[in-house]
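Trainee: Make a model of this:
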Amino acid sequence: MVGLRGRRVLITRARAQGAKLAKAIEEHGGEVVWVPAIQTVALPLDEAGREILQTLGRFRWVAFTSENSAKHFFRLLKDEGLKLPEHLRLASVGPATTRELAVRDLKVEAQPQTFSGLDLAKLLEGKHPPGRLLLPRAKEGRDDLAEHLTASGWEVVPLAVYETRPAPIKPDHVWAIEQGVDAALFASPSAVKALWDALPETARAVLRKAVCQPIGPTTAEAMRAVGLTPAPLPPESTAEGLVKAILERLG
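Mentor: Residues are numbered from 1 along each chain as shown. Predicted coordinates:
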C-alpha cells in the first residue's frame, strides 16, 4: 500500500504506545516523524489510595478512560498483592483501552460508540442503575465522567494512578517538524498543549498547514484552543482508523 508515499506524518505519542500507528503509516508508504509530546509517570499510593484498593469489594464498577489508567491501576494492584474482585463490572472509554483489558482476560461490559469520558458516563447512566464506581485516572484527569455520573446518583471515587508531564522537546525534534509534515496525530489534550507550548513559531506554522488528526473530541477541543483546525474524528480510534482518516483528508 502506498497511499502515503512521500508523505511525512508526525506522531506525538511515546514510541511504545505509537508502535502500531507507526507500522500502519509505514505500510501505507508514509514516513514517520517521532516527537513524543508527553510522558507518563507512575504515582505511588498514599494512605487514602491504599484504603480504596483494600476495599474494592465495595464497588460495583471500575471505569477506565485510557490505556494508561488501566496499565497503572493493575500495576498498583500487583504491587499491593491484590486481585480484582470477580463481581466488579468493567467499563472502557474505547477500543484501545478495551484491548489493554483484554490482554488480562478481562471482559468489558460498557464501551460507548464515540470515545470520550462523557460518552461513557452517558452510556452507564442510560443502561445501568446507579452504583459505586472507581475511576482510576491521571492526576490531572478531566472531571466530565465523574460530574455527569454524580449528578445522576452514582457514587464516583477517583483514584490518581499516574500523571502526565511534558516530554523534553529537543532541537532535532523542532528541526524535524520544520522540514515539513503533511499530517500530525494527537492522542490527548495534554499532548496538544505540551507540544504547542514547546514549539517556536516556525514549527507551529508547519502544523497549521498540516492535517491535524485528533483521536477524540476532547483532543479536538484542545487543538482548537491553540489555533489548530482538527480534522474530522475517525469512526474508530484504532491505528488503522486514524491512518484511514488521514488518507481520506490527504486524498
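
Trainee: and L101, what is it in contact with?
Mentor: L101 makes contacts with 64, 70, 90, 92, 107-108, as judged by CB atoms under 8 Å, 6 or more residues apart in numbering. Where C-beta positions appear, they are placed from N, C-alpha and C, glycine not excepted.

Trainee: where does it land in three-state SS?
Mentor: helix (DSSP: H, G, I helix; E, B strand; the rest coil).

Trainee: still on that earlier bit, list buried members of the contacts of L101 by neighbour count.
Mentor: In those, burial by neighbour count holds for 64, 70, 90, 92, 108, counting by 16 or more other CB atoms under 10 Å.

Trainee: which pair in those spans the largest distance?
Mentor: Within the buried ones among the contacts of L101, two members stand farthest from each other by CB to CB: A70 and V108, at 10.3 Å.

Trainee: so of the contacts of L101, which ones are in helices?
Mentor: Members of these lying in helices (criterion: DSSP state H): A70.

Trainee: As CSV, the contacts of L101 with pLDDT would be great.
Mentor: CSV is the format used below for the contacts of L101 (pLDDT from 0 to 100):
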residue, pLDDT
F64, 96
A70, 96
L90, 98
S92, 96
K107, 95
V108, 97
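
Trainee: Among the contacts of L101, name the ones in strands.
Mentor: 64, 90, 92, 108 (DSSP state E).

Trainee: partners of the longest strand belonging to the chain, with directions?
Mentor: For the chain, the strand that runs over the most residues, judged by DSSP E, is strand 155-166. The sheet places strand 155-166 alongside strand 38-42 (antiparallel), strand 132-138 (parallel), with pairing taken from DSSP bridges.

Trainee: could you pull out the helices for the stretch 1-150 of the chain?
Mentor: For the stretch 1-150 of the chain, applying DSSP state H, counting those that start in this stretch gives helices covering 15-27, 47-54, 67-79, 95-102, 117-127, 144-151.

Trainee: Could you save the ones you listed as TSV and add columns showing distance to A222?
Mentor: Output for these, formatted as TSV (distance: least, CB to CB, whole Å):
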stretch	distance to A222
helix 15-27	18
helix 47-54	28
helix 67-79	17
helix 95-102	18
helix 117-127	14
helix 144-151	13
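
Trainee: Indicate which one of these is closest to A176.
Mentor: Counting by CB to CB, A176 lies closest to helix 15-27 out of the helices of the stretch 1-150 of the chain; the figure is 14.2 Å.

Trainee: in the closest one, what's buried?
Mentor: Those would be 17-18, 21-22, 24-25, for helix 15-27 by 16+ other CB under 10 Å.

Trainee: Check which element follows the longest strand of the chain along the chain.
Mentor: helix 171-178 (DSSP states H and E).

Trainee: starting at the chain centroid, how far to that following helix?
Mentor: Taking CA atoms, centre = their mean, to the nearest Å, one finds helix 171-178 lying 24 Å from the centre of the chain it belongs to.

Trainee: same thing with stretch 147-163?
Mentor: The chain centroid and the centroid of stretch 147-163 are separated by 18 Å, computed with CA atoms, centre = their mean.

Trainee: Can you list the neighbours in contact with it?
Mentor: The contact list for stretch 147-163 (CB under 8 Å, 6+ apart) reads 40-43, 49, 52-53, 59, 68-69, 72-73, 75-76, 118, 121-122, 124-125, 130-141, 145-146.

Trainee: Separate out the buried members of the residues you listed.
Mentor: Using 16+ other CB under 10 Å, the buried ones in these are 40, 43, 49, 52-53, 59, 68-69, 72-73, 76, 118, 121-122, 124-125, 133-138, 141, 145-146.

Trainee: Tell me which residues touch R104, please.
Mentor: F74.

Trainee: buried stuff in stretch 188-204?
Mentor: 188-196, 198-199, 203-204.

Trainee: what's next to that stretch, contact-wise?
Mentor: 12-13, 35, 37-38, 66, 138, 140, 142, 164, 166-167, 169, 174, 177-178, 186, 207, 214-215, 218-219, 221-223, 225-226, 228.

Trainee: That stretch spans what distance, first to last residue?
Mentor: Stretch 188-204 has an end-to-end distance of 18 Å (criterion: CA to CA, to the nearest Å).
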